[in-house]
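A.B. asks: Based on what follows, work out the 3D shape:
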Amino acid sequence: MKRSNAATVLEFFRRFNDEDVAGLLELFADDATFSMVLYDEDLRGKAALGDFFRMHIANWQQHREWATSVMVSGNRAASELHFEGTTVAGKPVVMDNLNIWTFDSDGLISRIKVYADTAPMLEALG
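C.D. replies: Okay, the predicted model is just below:
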């Protein structure tokens, strides 16, 4: 049974917090894209996304992120996100951002666009 797009957004955060990269990738279409202001180009495909999620998770002693709201319209969603973590160097980071999601006809994530003030993370990661 196909889950709702809102449920997929919430499941994404659960799997990210569990550091379940294989599980995260199950939520994505094969040719999905991920974009964030830190990158000159979009990440494309499950291999690139898997590399990104593993690298991102490796930067943190502990981390938690959760949607503070999710709004869905058709195959698009927006979620406000709150992130709290401690880097491997022991520096705390707290930040908020906005994710825009697009889903394919099978309910898989085809695109995530992240809008964030990355200064707190960049400062903490050096």
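
A.B. asks: For the rest of this, base every contact and every neighbour count on C-alpha atoms.
C.D. replies: Fine.

A.B. asks: Looking at this structure, which strand is longest?
C.D. replies: Counting by DSSP state E, the longest strand found in the chain is strand 60-73.

A.B. asks: and the spatially closest residue to Val94 that is not a sequence neighbour, bridged to which residues?
C.D. replies: Spatial nearest neighbour of Val94, chain neighbours left out: Glu84 (4.5 Å); criterion: CA to CA, 6 or more residues apart in numbering. The bridge-partner assignment for Glu84, based on DSSP bridges, gives Arg64, Val94.

A.B. asks: isn't Glu84 right up against Trp60?
C.D. replies: No: counting by CA atoms under 8 Å, Glu84 does not reach Trp60; the two are 10.1 Å apart.

A.B. asks: Settle it for me: which of the two has more neighbours?
C.D. replies: Taking other CA atoms under 10 Å, Glu84 and Trp60 do not tie; Trp60 has more neighbours (19 against 14).

A.B. asks: ok, so what distance separates the more buried one from Phe83?
C.D. replies: Distance from Trp60 to Phe83, counting by CA to CA, to the nearest Å: 12 Å.

A.B. asks: do Trp66 as well
C.D. replies: Counting by CA to CA, the gap from Trp66 to Phe83 is 7 Å.

A.B. asks: ditto for Arg44
C.D. replies: 24 Å.

A.B. asks: for Thr8, same thing?
C.D. replies: Here Thr8 is placed at a distance of 18 Å from Phe83 (CA to CA).

A.B. asks: quick one, which of these two is more surrounded?
C.D. replies: Thr8 (18 against 15).
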